[in-house]
Every structure is written in C-alpha cells, then in structure tokens.
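Visitor: My questions are about this predicted structure, shown below with the sequence.
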Amino acid sequence: MEKVDFKKDLKHLYQPSAKEVVEVEVPKMNYLMVDGTGDPNTSPAYAAAVEVLFMVSYAVKFMIKKGPAAIDYEWKTIIRQPMA
C-alpha cells in the first residue's frame, strides 16, 4: 500500500502564504461533511456532529485500507465563516 501525503502533494492548499491573501483552486476530492447552526463552543449538537464525523471517517479509512484502493488519509475539519 502506497502512502499518500496530501500535505506534501498539495502544499499550496495546506501551507498558503502568510504574507498575502490568494485565491486557490481546490481539485475535486471526496469529503465528509455535517451542517448545523449555533455556537460551536457551546452547542451539544456541534459536539455530537463532530463525534459522528470522526467515527464515520475512521470507519471509512479502514474500509479503504482493507480494500483494493487502500489509501492512508490525513484530513482537517473545515468550518465556514460568515461573510463580512
């Protein structure tokens, strides 16, 4: 099984310039996502959603590892912010 290093292969997405704001084109990828509302710092629904997201991601990771397209995923959680 070949290990994929997304941070290395897609460095322009994971380590953008700290000196300027730039627009990047993100290639098509698979994501797991949950939607919700409320303050993530105090919302029990947010905590439950993140917990489920981790459980599903972990299960999918090992299903893929055992299958023919075995890939070792590394990922980050993204929280969209309102427009100013």
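Guide: Received the coordinates, thanks.

Visitor: For the residue lying closest to D5 once chain neighbours are set aside, report the pLDDT, please.
Guide: Distances taken as CB to CB, 6 or more residues apart in numbering put E74 closest to D5, at 7.7 Å, once the chain neighbours are dropped. Every residue, glycine included, has its C-beta placed from N, CA and C. Predicted confidence (pLDDT) for E74: 70.

Visitor: Which residue ranges of this structure form helices?
Guide: Counting by DSSP state H, one finds helices in the chain at the ranges 6-9, 11-14, 44-66.

Visitor: which residues touch the closest residue to A45 other than its chain neighbours?
Guide: By the measure of CB to CB, 6+ apart, the closest residue to A45 outside its immediate chain neighbours is G36, 5.5 Å from it. By CB atoms under 8 Å, 6 or more residues apart in numbering, the residues touching G36 are 43, 45-46, 49.

Visitor: May I have stretch 29-37 as CSV, with CA atoms only?
Guide: Taking Å, rounded to 0.1, in the frame of the first residue of the first chain, the C-alpha atoms of stretch 29-37 are listed here in CSV:
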residue,chain,number,x,y,z
MET,A,29,-11.8,15.5,-3.7
ASN,A,30,-14.1,13.4,-1.5
TYR,A,31,-15.2,14.9,1.8
LEU,A,32,-17.4,14.0,4.7
MET,A,33,-19.4,17.0,6.0
VAL,A,34,-22.0,17.9,8.6
ASP,A,35,-24.2,21.0,8.7
GLY,A,36,-25.6,22.8,11.7
THR,A,37,-26.3,26.0,13.4
